[in-house]
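Peer 1: need a 3D model of the sequence below.
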Amino acid sequence: MSSPVSYVLDASVLVARVRCSELAYEDVRVLMAALAATAAELSIPTIALAEVAAAISRGGAGPAQALTAVNELQKLPGLRVVAVDFALGVHSSEIAARQRIRGCDAVYVALAHSIGAILITLDQQQWQRSPASVTVLTPAHVLTGLS
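Peer 2: The predicted structure follows:
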């Protein structure tokens, strides 16, 4: 029996999961259902919680809606929230410097690299600039592979 595939979910995907005005909203909703059905291992860095809350709140929703989105996120099947400790912080800084990726985005890339997971993102810079050692896919690409 093969072990489940491991994924790191970027904040762009997590926001698209709850914000219906996002272009990838439907793809992400279908993807999340498919990943739950396959018992995929999902990981996010702790910073994702603040990033989701900020994006939802800045997008016009109130604080209650933003916090509800964060609470619902934490209930995703198979989700592991990973602390950004010193080692992950150093690894993120190396990726940010070498790949010229924004700091928070580098944390997701570093986490995926550290645990051997596939990074799922809607962020063009992440998939263009991530090191070759990290597999980076959009939700649509993952869905194609799951079909």
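Peer 1: list the residues that contact S21.
Peer 2: Counting by Cβ atoms under 8 Å, 6 or more residues apart in numbering, S21 makes contact with G59. Every C-beta, even on glycine, is put in place using the N, C-alpha and C of the backbone.
Peer 1: give the burial count for the nearest residue to Q65 once chain neighbours are set aside, as a bare number.
Peer 2: Nearest residue to Q65 in three dimensions, chain neighbours excluded: I56, at 6.1 Å (Cβ to Cβ, 6 or more residues apart in numbering). Here the count is done by other Cβ atoms under 10 Å, and I56 has 22 residues near it.
Peer 1: what do you get for S57?
Peer 2: Counted with other Cβ under 10 Å, the neighbours of S57 add up to 16.
Peer 1: please enumerate the strands of the chain.
Peer 2: Counting by DSSP state E, one finds strands in the chain at the ranges 6-9, 41-45, 79-82, 118-120, 136-137.
Peer 1: so for L31, which of those strands sits nearest?
Peer 2: The stretch from the strands of the chain with the least distance to L31 (Cβ to Cβ) is strand 118-120; that distance is 7.5 Å.
Peer 1: which residues touch the lowest-mean-pLDDT helix or strand in the chain?
Peer 2: Per-element confidence for the chain was summarised using mean pLDDT, DSSP states H and E. The lowest value among helices and strands belongs to helix 139-146, with a mean of 88. Residues from elsewhere that reach helix 139-146, judged by Cβ under 8 Å, 6+ apart: 7, 13, 16, 24, 27-28, 30-31, 34-35, 38, 118, 120, 122, 137.
Peer 1: swap the cut-off to 10 Å and go again
Peer 2: Taking Cβ atoms under 10 Å, 6 or more residues apart in numbering as the criterion, the residues outside helix 139-146 that touch it are 5, 7, 9-10, 12-13, 16-17, 24-32, 34-35, 37-38, 40, 118, 120-122, 127, 135, 137-138.
Peer 1: do the same with stretch 56-74
Peer 2: The list of residues contacting stretch 56-74 from outside it, by Cβ under 10 Å, 6+ apart, reads 9, 14-15, 17-19, 21-22, 44, 48-55, 79, 81.
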